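Enquirer: return atomic coordinates for the entry below.
(one chain, ligands or ions: 1)
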Amino acid sequence: MSLLAVGTVAFDALETPFGKTDKILGGSATYSSLAASNYIDRIELVSVVGEDFPEAYIQMLQEHGINTSALQIKHGEKTFSWSGKYHHDMNTRDTLDTQLNVLEKFDPIIPDQYQDCNYLMLANLSPKLQRKVIQRMRKKPKLIVMDTMNFWMDMMPDELKETLKLVNVLSVNDEEARQLSGEYSLVKAAQKIMKMGPDYLVIKKGEHGALLFHESEVFFAPALPLEEVFDPTGAGDTFAGGFIGYLAATDDISFGNMKRALIHGSVLASFCVEKFGTERLVNLRQEEIEGRLQQFIDLVQFDIVLEDSL
Ligand code: AMP
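Expert: As a prediction, the model looks like this:
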């Protein structure tokens, strides 16, 4: 199955209680594509960078089966850059700076050979551009998963609501779900957000796992209790990439399979946070994913026969 990923490819400067980095590889499409590359052989990437973007990063993406031929390189311009600082609990962070740079005039061109992609990952990006991508697909993809963040809720709430009407799955964190819906209860928030368009809603709760909502059903995936969390940056994008990568590989978009995809997303996110930036994802091996899937199964499996427990 084919997967098209659109979003940001960025330079990130990060500050966590464990250290500081400057200008490392980041971006929503980078994390999502790297995560999905564990499930499918070829991912079509549509994004933009400036002439300051190192060739070595492009090569690394290609080595992971990510086709970069539609990654636009803008001469004389700078790559999108973002910096953030994490609080001591690592669950909350402040955006220190966002420099849109090349993103300001980004026109996401979808080449002819990508037009038949069945799965579309709209990683975090301006909702106006996300909608443009959907409109430019000549054949509607089988599944559209969209990620977004508070930045776009503040900057362009109306554009965001228009785009939400066109997607199947929205993935946000708990704070963003509350902001978008105006509801504190996540159950009420989910019902409101699903009325805005998406049939499925994923609400990520950091170290407290993730919820998948559909109609009146809800499913929960835990996060693995980890000894060390170095840098949560990109965990949300990685989660979404693992989620859609698994769905694309199995080509099954039933609610039952989405539950499995939620676990795969959580597994991938659990690796992402173990090192700074994309480092852990770049070096991830298949056996490690399988081992961690087993840890997830062991974490939540218990035997209760209902009659006996009463
Ligand atoms: P996450 O931690 O999953 O929210 O994703 C963090 C990644 O998103 C970083 O690598 C940033 O480069 C990227 N990012 C930050 N702000 C934005 C934005 N406004 N639009 C798109 N991507 C962003």
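
Enquirer: all the strands of the chain, residue numbers only.
Expert: Under the criterion DSSP state E, strands of the chain are mapped to 3-6, 10-16, 19-26, 43-50, 66-74, 81-86, 93-99, 119-122, 143-147, 169-173, 200-204, 210-214, 217-221.

Enquirer: so where's this protein shaky on pLDDT?
Expert: 308-310 (pLDDT under 70).

Enquirer: any idea which residue sits dead centre in this structure?
Expert: Closest residue to the average C-alpha location of the chain: D237 at 2.2 Å, with C-alpha atoms, centre = their mean.

Enquirer: wait, that one sits on L34?
Expert: No: at 9.1 Å, D237 does not count as touching L34 under the criterion of C-beta atoms under 8 Å. Where you see a C-beta, it was placed from the backbone N, CA and C, and this is true even at glycine.

Enquirer: how about the residues of the stretch 151-300 of the chain by the ligand?
Expert: F151, T233, G234, A235, G236, D237 (C-beta under 6 Å from any ligand atom).

Enquirer: before we move on, back to that, ok, the residue nearest to the centre of the chain - contacts?
Expert: By C-beta atoms under 8 Å, 6 or more residues apart in numbering, the contact list for D237 reads G7, S28, A29, T30, Y31, S32, A35, A123, N124, D147.

Enquirer: show the buried residues in those.
Expert: G7, S28, A29, T30, Y31, S32, A35, A123, N124, D147 (16 or more other C-beta atoms under 10 Å).

Enquirer: from the residues you listed, which ones fall inside helices?
Expert: S28, A29, T30, Y31, S32, A35 (DSSP state H).

Enquirer: give the PyMOL command for selecting the buried subset of the residues of the stretch 151-300 of the chain next to the ligand.
Expert: A single PyMOL command selects the buried members of those (16+ other C-beta under 10 Å):
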select buried, resi 233+234+235+236+237
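
Enquirer: which of the ones in helices among the buried ones among the contacts of D237 sits closest to the ligand?
Expert: S28 (4.3 Å; C-beta to the nearest ligand atom).

Enquirer: for that closest one, what are its contacts?
Expert: S28 touches G7, T8, A10, A123, N124, L125, D147, G234, D237, counting by C-beta under 8 Å, 6+ apart.

Enquirer: rerun at 6 Å
Expert: G7, T8, A123, N124, D237 (C-beta atoms under 6 Å, 6 or more residues apart in numbering).

Enquirer: most widely separated two among those residues?
Expert: T8 and D237 (9.1 Å; C-beta to C-beta).

Enquirer: out of everything not next to it in sequence, what's closest to whichever residue of the stretch 151-300 of the chain sits closest to the ligand?
Expert: With C-beta to the nearest ligand atom as the measure, G236 is the residue of the stretch 151-300 of the chain nearest to the ligand, at 3.0 Å. Distances taken as C-beta to C-beta, 6 or more residues apart in numbering place K204 nearest to G236, at 5.7 Å, with adjacent residues excluded.

Enquirer: contacting residues around the one you found?
Expert: Contacts of K204 by C-beta under 6 Å, 6+ apart are N173, A210, G236.

Enquirer: how does it look with 7 Å?
Expert: S171, N173, A210, G236, F239 (C-beta atoms under 7 Å, 6 or more residues apart in numbering).

Enquirer: could you do P108 as well?
Expert: By C-beta under 7 Å, 6+ apart, the neighbours of P108 are V6, V46, L129, K132, V133.

Enquirer: contact residues of the stretch 1-150 of the chain facing the ligand?
Expert: T8, A10, D12, G26, G27, S28, W82, T98, N124, L125, M149.

Enquirer: just the buried ones from those residues?
Expert: T8, A10, D12, G26, G27, S28, W82, N124, L125, M149.

Enquirer: could you identify the most distant pair in those residues?
Expert: D12 and L125 (15.3 Å).
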